[in-house]
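[1] Please work out how this folds:
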Amino acid sequence: MFPPISECDLSSVSHRSIAADLDGTLLKATLSFPYYIFIAIEAGSLLRGLILLLFLPITAVVYVFVSEDLAARMIIFFTFSGVKVADIESAARGVLPRFYAADVRGDSFEVFDRCERKVIVTANPVVMVETFAKEFLGAEKVLGTEIEVDPRTKRATGFVKGPGVMVGKWKRFAVSKEFGEDLPDIGIGDRRSDYDFLSICKVGYIVPKDHSASTISPDRLKTQLVFHKVQQPRILNAYIRPPLRFILSFARAYYNISLLKGIIRCTYRRRWW
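    Here you go, the predicted structure:
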């Protein structure tokens, strides 16, 4: 239905508006689950990350056979339920940009960066991606899923605000509301649920899946970060590292307690002998 991003003429893109998806479009990775794992661990705990990891197979089945909306709601609930919003924002500012920046796809970013008005429309929670989208990609606004927050405790409830997860028709509705009659000149996405908002853009492009697609150099971003051998959060790492860290934490605790007992026992004997 839509031409590939490679057919976009960059010479005619300047001073135009664009609405772009994030995962699989501006980012090379099509799955956002590894980023949720990092948020769950950094803003929550290792136990929360492990629980989210254990529910991944169920979430994947729901995504494929039921709906993308329900799968996203499940991930959001296990990631954010009961977590302080301040901790989520802190992790989104201090941790995620390093990993997002290492995964920005070259061809789609070239189109996005040349446009004057840039809007990102994504199923991810706004609180999770807004810092990176605005400060590092130069986006004017993020149209994403809004999570519910308990006003008394300032903690996320795990549920999402209306109209719901930003997928399918809700992406189209959000883009139409944001741009009004002056709809985006360009729309870019990577999956079927993006077709709704791409269809109302003046020109829509699909970013095909390509595991060998080139990524941009971090110095091309609007804000510079100091990178220390950043490793991209692949699914394999998401499966292996959290359980390993969880097990090692118990090993460290056992070793430290045993060592402490030995020191106390030795001190006690010297005191009385």
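
[2] who are the neighbours in contact with the closest residue to Ser90 other than its chain neighbours?
    Once flanking residues are discounted, Ser90 sits nearest to Ala43: 7.1 Å by C-beta to C-beta, 6 or more residues apart in numbering. Heads up, the C-betas are built off the backbone N, CA and C, glycines and all. If you count contacts by C-beta atoms under 8 Å, 6 or more residues apart in numbering, Ala43 has them with 83-84, 87-88, 90-91.

[3] Apply 6 Å and report the result again.
    With contact set as C-beta atoms under 6 Å, 6 or more residues apart in numbering, Ala43 has these partners: 83, 87-88, 91.

[4] okay, those residues in CSV with pLDDT and secondary structure next?
    Listed next are the contacts of Ala43 as CSV, based on pLDDT from 0 to 100; DSSP: H, G, I helix; E, B strand; the rest coil:
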residue, pLDDT, secondary structure
Val83, 93, coil
Asp87, 93, helix
Ile88, 93, helix
Ala91, 90, helix
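
[5] Of those residues - the most surrounded one?
    Ile88 (23 neighbours; other C-beta atoms under 10 Å).

[6] The residue nearest to Ser90 in helix, strand or coil?
    Following DSSP: H, G, I helix; E, B strand; the rest coil, Ala43 is assigned to helix.

[7] Just give me the neighbour total for the residue nearest to Ala101 when sequence neighbours are not counted.
    With C-beta to C-beta, 6+ apart as the criterion, Ala101 has its nearest non-adjacent residue at 5.2 Å, and that residue is Pro218. Using other C-beta under 10 Å, Pro218 has 18 neighbouring residues.

[8] right, and the helix or strand after the helix or strand where Val62 lies?
    Assigned by DSSP states H and E, Val62 belongs to helix 56-65. Next helix or strand after helix 56-65 toward the C-terminus (DSSP H and E): helix 68-80.

[9] Tell me the buried residues in that next one?
    Going by neighbour count (16 or more other C-beta atoms under 10 Å), the buried part of helix 68-80 is 68-69, 71-80.

[10] pLDDT below threshold where in the stretch 101-250 of the chain?
    Scanning the stretch 101-250 of the chain for pLDDT under 70 picks out 224-250.

[11] What are the boundaries of the helices in it?
    Counting by DSSP state H, counting those that start in this stretch, one finds helices in the stretch 101-250 of the chain at the ranges 106-114, 126-135, 169-179, 195-198, 235-272.

[12] How about residues contacting the second one?
    In this case it means helix 126-135. With contacts defined as C-beta under 6 Å, 6+ apart, helix 126-135 is touched by 88, 92-93, 97, 100, 120, 139, 142, 144, 146, 223.

[13] And that helix, how far out from the chain middle?
    9 Å (C-alpha atoms, centre = their mean, to the nearest Å).

[14] tilt between that helix and helix 68-80?
    90 degrees (axes from the mean of the first three to the mean of the last three C-alpha atoms, to 10 degrees).

[15] Show me what counts as buried in helix 126-135.
    Neighbour-count burial for helix 126-135, counted by 16+ other C-beta under 10 Å, picks out 126-134.

[16] Out of those, which comes closest to Pro4?
    Ala133 (23.4 Å; C-beta to C-beta).

[17] picking that back up, would you list the buried residues of helix 126-135 in JSON lines and tack on distance to Ser108?
    Shown next, in JSON lines, are those (distance: C-beta to C-beta, whole Å):
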{"residue": "Val126", "distance to Ser108": "20"}
{"residue": "Val127", "distance to Ser108": "23"}
{"residue": "Met128", "distance to Ser108": "20"}
{"residue": "Val129", "distance to Ser108": "16"}
{"residue": "Glu130", "distance to Ser108": "19"}
{"residue": "Thr131", "distance to Ser108": "20"}
{"residue": "Phe132", "distance to Ser108": "15"}
{"residue": "Ala133", "distance to Ser108": "14"}
{"residue": "Lys134", "distance to Ser108": "17"}
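
[18] between those residues, which is closest to Lys177?
    Lowest distance from Lys177 to the buried residues of helix 126-135 (C-beta to C-beta) belongs to Val126, with 14.9 Å.

[19] show me what contacts the closest residue to that closest one other than its chain neighbours?
    Spatial nearest neighbour of Val126, chain neighbours left out: Gly144 (4.2 Å); criterion: C-beta to C-beta, 6+ apart. Counting by C-beta under 6 Å, 6+ apart, Gly144 makes contact with 122, 124, 126, 166.
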